[in-house]
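Colleague: The following comprises the amino acid sequence and a computationally predicted model.
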Amino acid sequence: MPKDHPFADRWNHNTQQYPRVAELIADCPLVLDVGCGEGTLARHLADLGHQVVGIDPDPDVLPTDGESTHFMIGDVTGLPFADASFDAVVSVMVLHQTRLELALVEMRRVLRPGGLLVDIGYARNKGLGEKLRSAADIPQNLIAKIGTTSWEPDTIKMDALLGWAETREAIQGILPGATWQRLPGWRYLSVWRNN
Ligand SMILES: C[S@@+](CC[C@H](N)C(=O)[O-])C[C@H]1O[C@@H](n2cnc3c(N)ncnc32)[C@H](O)[C@@H]1O
């Protein structure tokens, strides 16, 4: 139930999905959070025992480092890390704001063999089918919000240019075998293991 959700008091369509990210990368000690914003996901993962590097181009939101978190200014399309540096690379609501293919190539490059890439994102509704699918999220969203306190961090937000199907095709083109699913609250989840 939402009241039991770890982010019930900081509820938005991204924090709603943070436990899902944490569950997926539970076995990954060193994590890169691209487009980390003000660092809530990074701190959540650090609290769960991960070492987390957060990178974001916006200096106005980047927080200070913690015991298990390091934050730095940077761009996902040119990551300042050696190949195969991380056990997991995650992004939440970021890739529609940048050059998707280039971002994925970079995220894949810094992921160690066997590591996990987790992308939760958003796309534009293109065509009737995508509009209807997104409309179906409205009742679920109203129910999910019950008992929560909404929270919107002051991060840079942009609308998406690519549609849902276009985004899926682009991701699976760069990352063959990547899973894809729609999540509640106008998000998709794509997971790829670097095998
Ligand atoms: C909607 S916010 C999401 C922030 C955070 N991931 C969350 O879950 O709330 C999008 C973030 O992506 C960042 N961003 C935009 N372009 C980026 C890029 N090229 N590389 C890395 N981060 C980028 C923005 O600065 C912003 O902090």
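Modeller: Here it is on my side, so go on. Numbering: from 1, shown residues only.

Colleague: Then residue 181 would be within a strand, right?
Modeller: Yes: using DSSP: H, G, I helix; E, B strand; the rest coil, the secondary structure at residue 181 is a strand.

Colleague: Where does pLDDT dip in the chain?
Modeller: Along the chain, the model assigns pLDDT under 70 to residues 1-2.

Colleague: excluding its backbone neighbours, what's nearest residue 130?
Modeller: Counting by Cβ to Cβ, 6 or more residues apart in numbering, residue 130 lies nearest to residue 164, which is 5.2 Å off, once chain neighbours are set aside. Quick note: C-beta positions are derived from backbone N, CA and C, even for glycine.

Colleague: my bad, should have said residue 147
Modeller: Residue 147's closest residue in space is residue 3 (Cβ to Cβ, 6+ apart), at 4.1 Å.

Colleague: quick one: secondary structure of that neighbour?
Modeller: helix.

Colleague: Kindly check the end-to-end length of stretch 79-99 for me.
Modeller: Terminal residues of stretch 79-99 are spaced 13 Å apart (Cα to Cα, to the nearest Å).

Colleague: Run a quick neighbour tally on the residue nearest to residue 147.
Modeller: Residues near residue 3, counting by other Cβ atoms under 10 Å, number 9.

Colleague: do residue 175 as well
Modeller: Neighbour tally, residue 175, other Cβ under 10 Å: 20.

Colleague: Contacts only, for it.
Modeller: Neighbour list for residue 175: 104, 108, 117, 190, 192 [criterion: Cβ atoms under 8 Å, 6 or more residues apart in numbering].

Colleague: among these, which are in reach of the ligand?
Modeller: When Cβ under 6 Å from any ligand atom is applied, no member of the contacts of residue 175 is adjacent to the ligand.

Colleague: Next, give me the two most distant ones among the residues you listed.
Modeller: 108 and 190 (12.2 Å; Cβ to Cβ).
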